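*Asks:* my questions are about this predicted structure, shown below with the sequence.
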Amino acid sequence: MQFKASVRYVSISCLKIRPFADVVRGKRVDYALRWLGTYPAKKAIPLYKMIASAAANAKSLKNFNPEQLVVKE
């Protein structure tokens with residue numbers, strides 16, 4: 001099952017965020033949130049918020065645990 005989240009009105013270019021997305025793509029959500037949370041760049045914040053929102057959607061809608069979720073796209 002897939003859960004989606006999107007971010008709108010981000011003032012950072014997708015070309016600047018894409019390297020962070022490439023690092024966390026295919027990883028578990030808890031690892032991605034830890035990695036993005038400790039990275040000291042402001043460019044990682046929108047991606048962190050989006051993944052956290054998708055995890056919250058999964059937990060509230062179907063009671064999924066973040067250890068079971070994987071960042072896909």
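*Replies:* Cool, the structure landed.
*Asks:* which phi and psi values does V23 adopt?
*Replies:* Dihedral angles of V23 (phi, psi; degrees, to the nearest 10) stand at phi -70, psi -40.
*Asks:* so it sits against Y31, correct?
*Replies:* No - here V23 lies out of contact with Y31, judged by CB atoms under 8 Å, at a distance of 10.1 Å. Placement of C-beta: from N, CA and C, glycine included.
*Asks:* mind listing what L69 touches?
*Replies:* Applying CB atoms under 8 Å, 6 or more residues apart in numbering, we find L69 in contact with 3, 28-29, 54-55, 58.
*Asks:* of the residues you listed, keep whichever come out buried.
*Replies:* 3, 29, 54-55, 58 (16 or more other CB atoms under 10 Å).
*Asks:* tell me which of the residues you listed fall in helices.
*Replies:* 29, 54-55, 58 (DSSP state H).
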